[in-house]
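Visitor: here is a sequence with its predicted model. Questions after.
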Amino acid sequence: MRVKICGITQPQQSIAIASLGATALGFICVPSSPRYVTIAQIQAAIAPLPPNIDKIGVFANTTISEIRQVVQESGLTGVQLHGDETPEFCYQLRQSLSQVEIIKALRVRSLEHLQTTTNYTDYVDTLLLDAYHPQQLGGTGQTLDWQMLERFNPSLPWFLAGGLTPDNILTALSQITPNGIDLSSGVEHSPGNKDLDQVALLFQNLGNR
Ligand SMILES: O=C(O)c1ccccc1NCC(=O)[C@H](O)[C@H](O)COP(=O)(O)O
């Protein structure tokens, strides 16, 4: 299973978290976030990482040229779209950046809203389901209704996100079987400052999953 730890801001934490077992690290490229990082910070954080670690930039409601510039200058291997990007936008981004993984995040409001994921399946590589919050785009610590996801079986691989912690992860995975999980505030001291003990506990609890 893929394990993405998101909202990394400190270069020394990126290598520590990868060594603990993360398969992907996320860098927030949304200026309004307290976890926002510049291109220079991303470069410093990913420089010591081995090639098998996915380096994902998280964007929301920005332009293709902005995403392209950040990806090309920083060395990111994937892009997570966390705003209100349309399937058409995802298609255009794919034309512009053919070599990177495109992850479309949906902040799920209802079972009906969950159906909109099918609109993206031809244009992105991976889906990510996060909790909806009226004021914040992500990193909210709010959990999704896991029961609602029990029958979610898209044709693309998907990440479960939203309020996951070392304490609740096994309960979540006993109900649903995503291809990956994404954690941010559940393994943090404060926004952007990851708690390495909590990250270690997460992998201990996950065992061989
Ligand atoms: O984390 C942020 O600050 C953020 C800001 C704007 C857009 C997206 C953001 N995070 C996206 C993520 O992938 C988080 O890992 C995801 O929302 C889960 O967060 P959490 O509930 O804290 O585990």
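Guide: Structure received.
Visitor: which strand is the longest one in this structure?
Guide: Within the chain, and with DSSP state E defining each element, the longest strand by residue count is strand 101-108.
Visitor: list the pairing partners of that one within its sheet, with orientation.
Guide: Each strand that strand 101-108 pairs with, and the sense of that pairing, follows from DSSP bridges: strand 78-81 (parallel), strand 126-131 (parallel).
Visitor: whatever helix or strand comes next after the first one packs against which elements?
Guide: Beyond strand 78-81 on the C-terminal side, the first helix or strand identified by DSSP states H and E is helix 87-96. Other elements packing on helix 87-96 under the criterion 3 or more Cβ pairs under 8 Å, 6 or more residues apart in numbering; DSSP states H and E are helix 64-74, strand 78-81, strand 101-108. For the C-beta atoms, the positions are set from N, CA and C on the backbone; glycine is no exception.
Visitor: for the last one, list the C-alpha coordinates in PDB.
Guide: Coordinates of the C-alpha atoms in strand 101-108 are reproduced here as PDB (Å, rounded to 0.1, in the frame of the first residue of the first chain):
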ATOM      1  CA  GLU A 101       1.500  11.500 -12.000                       C
ATOM      2  CA  ILE A 102      -1.700  13.500 -11.800                       C
ATOM      3  CA  ILE A 103      -3.800  13.000  -8.600                       C
ATOM      4  CA  LYS A 104      -7.200  14.500  -8.500                       C
ATOM      5  CA  ALA A 105      -8.400  15.200  -4.900                       C
ATOM      6  CA  LEU A 106     -12.100  15.400  -4.200                       C
ATOM      7  CA  ARG A 107     -13.300  16.900  -0.900                       C
ATOM      8  CA  VAL A 108     -16.300  14.600  -0.500                       C
END
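Visitor: give me phi/psi at the residue of the chain positioned farthest from its centre?
Guide: With distances taken from the mean C-alpha point of the chain and given as Cα atoms, centre = their mean, the most distant residue is Glu112, at 22.5 Å. Backbone dihedrals for Glu112, given as degrees, to the nearest 10, come out at phi -60, psi -40.
Visitor: and the gap between it and Asn119?
Guide: When Cβ to Cβ, to the nearest Å is the yardstick, Glu112 and Asn119 sit 13 Å from each other.
Visitor: could you do Leu20 as well?
Guide: With distances taken as Cβ to Cβ, Leu20 is found 36 Å from Asn119.
Visitor: one more: Met1?
Guide: 26 Å.
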